[in-house]
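A.B. asks: Okay, here's the prediction I keep looking at, along with the sequence it came from:
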Amino acid sequence: MRKNVLLFLSGRLVALAILVAFQIFVVRQLPRAQYAVYALVLAFGVLTQTVGAMGIPRLIPKYVSQAGVSLSPLRVRRLIAQLLATRFASSLVLLVLVAAGLSLTGTPGMTAERVAAAFLFSLAGAVQVDADAMAQSLGLQIASRNCTVVEAAVRLALVGWFVGVQGSPSADVVLWCSALTSGSAAVVLAWAVLRRLAKLAEPENPAPLAWPELRATALGGYSSSMAWFASSPAVLRFIAAKLLPVAVFSGYAFAQGLIISVQRYTPGSLTFPFIEPAVMRAYARTGDRSQLESALSLISKIDIFFIGAAVVGAAVAGTEVVDLITRGKYGAQAYAFVWLLIYIVTNSVYRTFEIMAVALGASGALRKTLSLSLVWLVAAVLLTRELGLLALLICPIGDAASRLVVLYRGLRRAGIRRPVDLRFTAVALVVATGLGLGGREAAATLGLSAGWTIGLGVAAALLYWAGLALSRPLRRGEADLVAGGARHPVFRLMPILTRG
């Protein structure tokens with residue numbers, strides 16, 4: 001099992017490197033106008049994926065992981081078919097609605113062909129994500145790794161081939177290539193899932209599928225997704241396309257695209273596919289809230305540890321790095337990376353809260369977050385006219401913070417005492433702010449060159465790690481999970497990092 005996990009994680013890191021290379025390659029090859037169109041169509045794709053999800057991402061780890069354990073594999077196969085049919089139908093309805101809306105508003109660059117490409121891209125991507133989650137719930141980490149790496153490599157190779165043939169690809173070429181590779185990966189993963197289900201034995205006393213509970217879980221998960229979606233990158237990108245100049249919008253879209261690619265491969269995102277089914281099974285078996293709390297809190301800390309270092313580095317040397325990789329196109333919008341990285345940290349914490357709420361049957365708390373997000377969305381639209389891009393960076397963080405407060409209270413009522421380590425979070429915030437602002441000011445005062453500024457950014461990120469390590473970041477339950485009874489010499493350091 002451990003070998004499979006390591007192979008899976010290593011494959012994800014390889015895929016991350018390829019996808020980042022793909023993002024950089026596309027932004028360097030496409031002219032600003034073409035990249036703006038590409039970014040707008042991607043936003044449409046994310047819109048259909050999220051709005052058409054219907055709570056499916058929350059159902060997969062909870063029910064597919066039970067195949068052969070408490071649920072009949074045949075029953076799970078039927079459920080999978082129903083989920084995929086729901087995904088297709090909802091996406092098709094959204095395509096018709098969005099296409100009608102675009103024709104009425106006259107959105108530039110969104111031709112019928114591009115809307116079709118966006119629909120196929122979003123549907124293929126959604127099914128790939130769903131099939132990948134099913135594969136991981138069934139222990140098919142190697143198949144998931146292989147599909148992820150090959151899909152990313154083939155996509156980059158296809159677009160690279162078109163560059164060699166045409167000299168410079170269009171937004172349409174990049175979209176069709178992405179739809180083709182995502183769709184192919186989805187088919188391969190779905191086939192692997194069906195084969196695994198066919199090999200599983202029937203449990204002795206299979207439980208019936210509790211449809212009221214399933215619908216409640218789907219509704220809570222969907223409400224939570226829609227609350228996130230109200231101020232998500234896709235919606236904000238549509239707002240930016242309407243209210244910002246093309247050059248600023250393109251720089252913002254590039255930052256968004258790169259951060260979204262990175263977000264899929266943060267430590268939290270990489271471990272959630274393992275942790276979520278595991279904690280669902282463990283809590284259902286033992287009812288131990290403390291272990292659930294420690295496991296999910298630990299994931300949030302790992303993300304804060306690594307993403308926080310990226311925040312510090314971007315605050316110090318973001319402009320220099322962005323100018324380097326975009327040939328000087330978007331350095332003026334480099335500050336967006338700092339805010340977007342902070343936002344994905346809040347999303348990681350929110351995801352852990354969401355998993356706890358689903359496990360504890362507290363899905364009602366998830367439904368209360370939607371109205372907050374709508375308020376912040378209206379604020380983003382109004383403030384963008386006055387503050388420009390800065391409003392689209394700050395409002396999503398305010399939205400995430402307010403939703404976290406609502407879920408925090410709901411989890412406390414459900415019996416979770418400390419869903420997040422406030423002491424650790426405060427230390428990380430203070431250290432990151434001091435190093436980020438201080439490093440940038442030092443670079444400006446000393447008149448450092450781009451190379452030296454980037455070096456200073458790396459040094460500041462390392463100091464951030466050192467500061468968190470010295471703060472004894474782990475609580476006792478979290479340290480026990482990390483060590484897990486292992487006797488390797490590295491775990492002798494655990495008491496230094498543990499408090500309480």
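C.D. replies: Good, I have the coordinates.
A.B. asks: for the stretch 401-500 of the chain, what are the low-confidence residue spans?
C.D. replies: Per-residue confidence for the stretch 401-500 of the chain (pLDDT under 70) gives these ranges: 480-495, 497, 499-500.
A.B. asks: just the helices in the stretch 401-500 of the chain please.
C.D. replies: If DSSP state H, counting those that start in this stretch is used as the criterion, the helices of the stretch 401-500 of the chain fall at 422-446, 450-470, 476-483, 494-497.
A.B. asks: Per the annotation, how does the protein divide into domains?
C.D. replies: According to the domain assignment given by automatic domain parsing, the chain is divided into the following structural domains: 1-209, 216-500.
A.B. asks: Adding mean neighbour count, write the ones you listed out as JSON lines.
C.D. replies: Just so you know, the C-beta spots here come from the backbone N, C-alpha and C atoms, and that holds for glycine as well. Listed next are these as JSON lines, based on neighbours: other CB atoms under 10 Å:
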{"stretch": "domain 1-209", "mean neighbour count": "19"}
{"stretch": "domain 216-500", "mean neighbour count": "19"}
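A.B. asks: returning to that earlier point: want to throw the helices of the stretch 401-500 of the chain into JSON lines with distance to A357?
C.D. replies: Putting those into JSON lines (distance: least, CB to CB, whole Å) gives the following:
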{"stretch": "helix 422-446", "distance to A357": "19"}
{"stretch": "helix 450-470", "distance to A357": "27"}
{"stretch": "helix 476-483", "distance to A357": "20"}
{"stretch": "helix 494-497", "distance to A357": "29"}
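A.B. asks: Which one of those helices lies nearest to V41?
C.D. replies: Taking CB to CB as the criterion, V41 comes closest to helix 450-470 out of the helices of the stretch 401-500 of the chain, the separation being 32.6 Å.
A.B. asks: Scan this structure for its longest helix.
C.D. replies: helix 289-325 (DSSP state H).
A.B. asks: which other helices and strands contact it?
C.D. replies: If you count contacts as 3 or more CB pairs under 8 Å, 6 or more residues apart in numbering; DSSP states H and E, helix 289-325 packs onto helix 2-29, helix 267-286, helix 335-359, helix 422-446, helix 450-470, helix 476-483.
A.B. asks: okay if I get these as JSON lines plus distance to I302?
C.D. replies: As requested, the helices and strands packed on helix 289-325 are exported to JSON lines (distance: least, CB to CB, whole Å):
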{"stretch": "helix 2-29", "distance to I302": "12"}
{"stretch": "helix 267-286", "distance to I302": "4"}
{"stretch": "helix 335-359", "distance to I302": "9"}
{"stretch": "helix 422-446", "distance to I302": "11"}
{"stretch": "helix 450-470", "distance to I302": "11"}
{"stretch": "helix 476-483", "distance to I302": "10"}
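A.B. asks: Indicate which one of the ones you listed is closest to L411.
C.D. replies: Taking CB to CB as the criterion, L411 comes closest to helix 335-359 out of the helices and strands packed on helix 289-325, the separation being 5.6 Å.
A.B. asks: what is the rounded mean pLDDT of the closest one?
C.D. replies: Over the span of helix 335-359, the pLDDT mean works out to 83.
A.B. asks: From the contact count, pick out the helices and strands touching that helix.
C.D. replies: Identification of packing neighbours for helix 335-359 by 3+ CB pairs under 8 Å, 6+ apart yields helix 56-63, helix 211-230, helix 246-263, helix 267-286, helix 289-325, helix 364-367, helix 389-413.
A.B. asks: closest one to V420 among the ones you listed?
C.D. replies: Nearest of the helices and strands packed on helix 335-359 to V420, taken as CB to CB: helix 289-325 at 6.3 Å.
A.B. asks: could you check the angle helix 389-413 makes with that closest one?
C.D. replies: Relative orientation of helix 289-325 versus helix 389-413 (axes from the mean of the first three to the mean of the last three CA atoms, to 10 degrees): 170 degrees.
A.B. asks: how big is the angle separating helix 289-325 from helix 422-446?
C.D. replies: 10 degrees.
A.B. asks: Would you mind checking the average pLDDT for helix 289-325?
C.D. replies: Mean pLDDT, helix 289-325: 85.
A.B. asks: how distant is it from the center of its chain?
C.D. replies: How far helix 289-325 lies from its chain's middle: 13 Å, per CA atoms, centre = their mean, to the nearest Å.
A.B. asks: if we can go back for a sec, and the longest helix of the chain with helix 335-359, angle?
C.D. replies: Angle of helix 289-325 versus helix 335-359, following the same axes, to 10 degrees, is 160 degrees.
A.B. asks: by how many degrees do helix 289-325 and helix 246-263 diverge?
C.D. replies: Here helix 289-325 runs at 140 degrees with respect to helix 246-263, directions being taken by the same axes, to 10 degrees.
A.B. asks: Turn the helices and strands packed on helix 335-359 into JSON lines, including distance to R195.
C.D. replies: What follows is these, written out as JSON lines (distance: least, CB to CB, whole Å):
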{"stretch": "helix 56-63", "distance to R195": "17"}
{"stretch": "helix 211-230", "distance to R195": "25"}
{"stretch": "helix 246-263", "distance to R195": "30"}
{"stretch": "helix 267-286", "distance to R195": "19"}
{"stretch": "helix 289-325", "distance to R195": "30"}
{"stretch": "helix 364-367", "distance to R195": "34"}
{"stretch": "helix 389-413", "distance to R195": "38"}
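A.B. asks: looking at these, which is closest to P473?
C.D. replies: With distances scored as CB to CB, the stretch of those nearest to P473 is helix 289-325 (6.2 Å).
A.B. asks: out of the helices of the stretch 401-500 of the chain, which comes closest to R215?
C.D. replies: Evaluated with CB to CB, the helices of the stretch 401-500 of the chain place helix 476-483 nearest to R215, the distance being 32.8 Å.
A.B. asks: what ranges do the helices span in the stretch 51-200 of the chain?
C.D. replies: For the stretch 51-200 of the chain, helices defined by DSSP H, counting those that start in this stretch occupy the ranges 56-63, 73-105, 112-137, 141-166, 171-199.
A.B. asks: With distance to F306 and mean pLDDT as extra columns, can I get these in a markdown table?
C.D. replies: Putting these into a markdown table (distance: least, CB to CB, whole Å; pLDDT from 0 to 100) gives the following:
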| stretch | distance to F306 | mean pLDDT |
| --- | --- | --- |
| helix 56-63 | 23 | 82 |
| helix 73-105 | 32 | 80 |
| helix 112-137 | 21 | 81 |
| helix 141-166 | 20 | 86 |
| helix 171-199 | 26 | 90 |
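A.B. asks: For G388, find the nearest of the ones you listed.
C.D. replies: With distances scored as CB to CB, the stretch of the helices of the stretch 51-200 of the chain nearest to G388 is helix 73-105 (21.9 Å).
A.B. asks: what separates that closest one from the chain centre, distance-wise?
C.D. replies: The chain centre lies 21 Å from the centre of helix 73-105; the measure is CA atoms, centre = their mean.
A.B. asks: tell me the angle it makes with helix 171-199.
C.D. replies: Taking the same axes, to 10 degrees, one finds helix 73-105 and helix 171-199 inclined to each other by 160 degrees.
A.B. asks: what packs against helix 73-105?
C.D. replies: Judged by 3+ CB pairs under 8 Å, 6+ apart, helix 73-105 is in contact with helix 32-51, helix 56-63, helix 112-137, helix 171-199.
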